[in-house]
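Trainee: below are the sequence and a predicted model for it; my questions follow.
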Amino acid sequence: MDRAIVLHRVPERHPGVSREDAAEAWARCIACTPAIKVDPDRYITIGIDGRGSQIELVAVRKDGGLWLIIHAQYPPKHDIRSKLEFERRKR
């Protein structure tokens, strides 16, 4: 993924995720989809932080290949995991 800036408010709203965790998860993105209904330049992703934990991220595409991470939380919500087809299928 391109370079990203993590908003300072991210760890304030979700203290379990530091700015460094969010940046690492962005760099190690494993699933991503545009949030077209909200904004075509907004993406929902799941990435892996330095501890190997899955983190849900929301980022907005800016000019020059820059991404602004506006949301990060651990663990990813069920609806986000489903939207990214990350749920285990029942046999």
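Mentor: That came through fine.

Trainee: residues in contact with the residue nearest to the spatial centre of the chain?
Mentor: By C-alpha atoms, centre = their mean, the chain has its centre lying nearest to Leu57, at 1.6 Å. The contact partners of Leu57, taken as C-beta atoms under 8 Å, 6 or more residues apart in numbering, are 22, 25-26, 29, 44-47, 69, 71-72. All C-beta atoms are positioned from the backbone trio N, CA, C, and that covers glycine.

Trainee: can I have the buried ones of the residues you listed as a ChimeraX selection?
Mentor: Per 16 or more other C-beta atoms under 10 Å, the buried members of these correspond to this ChimeraX selection:
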select :22,25,26,29,44,45,46,47,69,71,72
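
Trainee: can you lay out the contacts of Leu57 as a markdown table showing distance to Ser82 and pLDDT?
Mentor: Listed next are the contacts of Leu57 as a markdown table, based on distance: C-beta to C-beta, whole Å; pLDDT from 0 to 100:
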| residue | distance to Ser82 | pLDDT |
| --- | --- | --- |
| Ala22 | 22 | 96 |
| Ala25 | 19 | 96 |
| Trp26 | 21 | 95 |
| Cys29 | 18 | 93 |
| Ile44 | 11 | 94 |
| Thr45 | 14 | 94 |
| Ile46 | 11 | 94 |
| Gly47 | 17 | 95 |
| Ile69 | 22 | 96 |
| His71 | 17 | 95 |
| Ala72 | 19 | 95 |
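
Trainee: mind giving me the packing neighbours of the lowest-mean-pLDDT helix or strand in the chain?
Mentor: The least trusted helix or strand in the chain, going by mean pLDDT, DSSP states H and E, turns out to be helix 78-83, with a mean of 85. Applying 3 or more C-beta pairs under 8 Å, 6 or more residues apart in numbering; DSSP states H and E, one finds that helix 78-83 contacts strand 42-48.
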